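Novice: need the 3D shape of this:
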Amino acid sequence: MSPWLELLLLALASTFWPTLIVVVVLALRTEKPVVILVGFLCGGLLTTIAIGLALVFALQDSPLFTSSRSSTDPAIYISVGLVSLLAAYAIDRRSRRASVEEVAAAPAGQKKPSMVNRVVAKGVLPAFAAGIVLNIVPGTFPIIALKNIAELDATNSAKVATIVVFYVIMFAFVEIPLVAYVFAPQRTQSSMDALNAWLGRNGHRIAVYALASVGVYSLVRGIIELF
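Specialist: Got it, this is the predicted structure:
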């Protein structure tokens, strides 16, 4: 597979990282979703791009990647594949357990808002801080992507641009509502309500499918590259 195509697929898969979906769902339920999404997006992009740049330029000059690529690549693919599959299993199990607890707690109204819910609802600065903290480790897929970018036969400026584009794509679920609100605020509200309801019902399932799919791909590719 072309490294550029793999980077695109990894970026698209990264959009379904559970944390991003949860934040979008919670932000769209607040009175000022645009402010919350802007704060989270700025914090998230600042963190991911800074960490991405540091890792790529550290990796590309590392002896681990320049002299032992044949043994390093399979190890990274297999590790990321296993972690992704474990994350998919954990999210699926947690989602099923949460559904049971919601049904049990509904009559008494005992369900409490989550920590992320409380932070996001407080305003732009807490959302910005959440964008930083929650994206220090933005997922498993960017690990492979950053490794691939470090190995690209490209100039440093091209690698910087690739990192920026990768993370802009990754935050698509945050950016699309923002663009829609800017250009069509009134029409967007009903559409965002429908999107929010859909994400609320299907977000965890989509995240599980994305994690499991890329996990299987990474695991199989790592095993193949061993031989």
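Novice: what's the longest helix along the chain packed up against?
Specialist: Assignment by DSSP state H gives helix 185-226 as the longest helix of the chain. Under the contact criterion of 3 or more CB pairs under 8 Å, 6 or more residues apart in numbering; DSSP states H and E, helix 185-226 touches helix 3-14, helix 18-27, helix 69-105, helix 172-183. Where C-beta positions appear, they are placed from N, C-alpha and C, glycine not excepted.
Novice: those: lowest mean pLDDT?
Specialist: Of all the helices and strands packed on helix 185-226, mean pLDDT reaches its minimum on helix 69-105 (a mean of 73).
Novice: now residue 60: how far from residue 154?
Specialist: 10 Å (CB to CB, to the nearest Å).
Novice: distance of residue 198 from residue 177?
Specialist: Residue 198 is 13 Å from residue 177, by CB to CB.
Novice: these two: which has the busier surroundings?
Specialist: residue 177 (21 against 12; other CB atoms under 10 Å).
Novice: hang on, the more buried one packs against residue 24?
Specialist: Yes: counting by CB atoms under 8 Å, residue 177 touches residue 24, with 7.0 Å between them.
Novice: and residue 161, how many residues sit next to it?
Specialist: 12.
Novice: specify the local secondary structure of it.
Specialist: helix (DSSP: H, G, I helix; E, B strand; the rest coil).
Novice: go on, residue 137?
Specialist: Applying three-state DSSP: residue 137 is coil.
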